[in-house]
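Enquirer: have a look; sequence and predicted model below, questions after that.
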Amino acid sequence: MFADLHLHSNYSDGTYTPEEVAMHGSRYDLGVLALTDHDTVEGCEEMAAACSKQGIEFVAGSELTAELNQNELHLLGYFLDTTNAALLEAMGKFQNVRQNRICEMVERLNKLNVPLEAEEVFKIASCRSPGRPHVGRALVQGGFCKTLDEAFERYLKKHRPAWVPKFKISAVEAIKLIHCAGGVAVMAHPGLNRSDDLIPELAEAGLDGLECYHTKHPPATVEHYLELAEAHGFLVTGGSDCHGMNKGKPLIGKIKLPYEHVRDLKRRSEEIRQGLDSVTSQA
């Protein structure tokens, strides 16, 4: 049995509904799917029901944008308690910042004589965790750009005129937050961050794993991170990072992670939750 542990839905910047994600997972014979929307777990209940209908095991997750030593990195949380108060409170703050960021990007576009309205972006996003792809889609729908790629190249990529820096929680706090919700903390697509020097510090902070398998990791990169995972005693994960049709073609099915790694994640989550129970009973 195989898994895809990095998937996005329309509860953040993906284009598929949770039901469509589960349907595509079934189509590619995936036995386990994790929903890892940005700064939210709101789609997890819907995704769990959709996976159940397809006979697929579901893992509740999320992707947090973090920072360590002024370096941006993304952390995936797996087997999260989606009712955890601290997690939901933090995510509420992250979502407010995301919404304000949309308004700032629209303001910058307006100063460039692009008469886009923030409400149009929010209408397209139709979620509490909007992102740049929603602004890009609004630019295309409004006739200001022909393609999403053009929207990013002209306006939205880092250091382009409408780009606004993203809020980032400290990586140490992000790992604590994931653990507080009984989750397992994994560094997403480390090959894209080019920040291997941060890994020892992340290990000290309690990082549990590395996403070694990713659609943008060529074989040599996969091998490199498998070696690093072994050296640090990290768990190994993998996922397609599918955003539906946002990036031109669906990536689900491109990564098939062997089930043994899901089993290892489960074990680690159980250890984390036992530790939390122990602290609570001693309090």
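Expert: Here it is on my side, so go on. Numbering: from 1, shown residues only.

Enquirer: what about stretch 74-88, how long is it end to end?
Expert: In stretch 74-88, first residue to last residue: 18 Å (Cα to Cα, to the nearest Å).

Enquirer: what residues does that stretch touch?
Expert: Applying Cβ atoms under 8 Å, 6 or more residues apart in numbering, the contact partners of stretch 74-88 are 5-6, 34, 36, 41, 44-45, 59-66, 171, 174-175, 177-178, 180-189, 193, 207, 211, 237, 265-266, 269. Every residue, glycine included, has its C-beta placed from N, CA and C.

Enquirer: and Ser9, which of the three is it?
Expert: Using DSSP: H, G, I helix; E, B strand; the rest coil as the criterion, the local structure at Ser9 reads coil.

Enquirer: what number of residues lie near it?
Expert: Taking other Cβ atoms under 10 Å as the criterion, the count of residues near Ser9 is 29.

Enquirer: list the buried residues in the host helix or strand of Arg98.
Expert: When secondary structure is defined by DSSP states H and E, Arg98 falls within helix 85-111. Judged by neighbour count using 16 or more other Cβ atoms under 10 Å, the buried positions of helix 85-111 are 87, 90-91, 94-95, 98-99, 101-102, 105-106, 108-109.

Enquirer: show the backbone phi and psi for His74.
Expert: Dihedral pair for His74: phi -110, psi 140, per degrees, to the nearest 10.

Enquirer: oh, I was asking about Leu116
Expert: With angles defined as degrees, to the nearest 10, Leu116 sits at phi -80, psi 140.

Enquirer: just the helices in the stretch 1-150 of the chain please.
Expert: Across the stretch 1-150 of the chain, reading from the start of the chain, the helices by DSSP state H, counting those that start in this stretch fall at 18-27, 44-54, 85-111, 118-125, 132-141, 148-151.

Enquirer: likewise for the stretch 151-283 of the chain?
Expert: The residue ranges that make up the helices of the stretch 151-283 of the chain, judged by DSSP H, counting those that start in this stretch, are 171-180, 190-193, 199-204, 219-232, 259-282.

Enquirer: residue contacts, the nearest residue to Gly209 once chain neighbours are set aside?
Expert: Taking Cβ to Cβ, 6 or more residues apart in numbering as the measure, Gly209 lies nearest to Leu235, with 3.4 Å between them; neighbours along the chain are not counted. By Cβ under 8 Å, 6+ apart, the residues touching Leu235 are 184, 186, 208-210, 229, 261, 264-265, 268.

Enquirer: if we use 7 Å, what do you get?
Expert: With contacts taken as Cβ atoms under 7 Å, 6 or more residues apart in numbering, Leu235 has the following neighbours: 184, 208-209, 261, 264-265, 268.

Enquirer: farthest pair in the residues you listed?
Expert: Farthest pair in those (Cβ to Cβ) is Asp208 and His261. Separation: 11.9 Å.

Enquirer: of the two, which one has the most company?
Expert: Neighbour count, other Cβ under 10 Å: between Asp208 and His261, Asp208 has more, with 28 against 20.

Enquirer: how near is the more buried one to Glu153?
Expert: 36 Å (Cβ to Cβ, to the nearest Å).

Enquirer: now do stretch 63-73: distance to the chain's middle.
Expert: Its chain's C-alpha centre lies 12 Å from the corresponding centre of stretch 63-73 when counted by Cα atoms, centre = their mean, to the nearest Å.

Enquirer: in PDB, list the C-alpha atoms belonging to it.
Expert: As requested, C-alpha coordinates have been extracted for stretch 63-73 and formatted as PDB (Å, rounded to 0.1, in the frame of the first residue of the first chain):
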ATOM      1  CA  GLU A  63       1.600  23.000   6.500                       C
ATOM      2  CA  LEU A  64       3.100  25.900   8.400                       C
ATOM      3  CA  THR A  65       5.400  28.600   7.100                       C
ATOM      4  CA  ALA A  66       8.300  28.900   9.600                       C
ATOM      5  CA  GLU A  67      11.600  30.700   9.900                       C
ATOM      6  CA  LEU A  68      15.000  29.900  11.500                       C
ATOM      7  CA  ASN A  69      18.000  32.200  11.400                       C
ATOM      8  CA  GLN A  70      16.200  34.400   8.800                       C
ATOM      9  CA  ASN A  71      15.600  31.400   6.500                       C
ATOM     10  CA  GLU A  72      12.100  30.400   5.400                       C
ATOM     11  CA  LEU A  73      11.100  26.800   5.600                       C
END
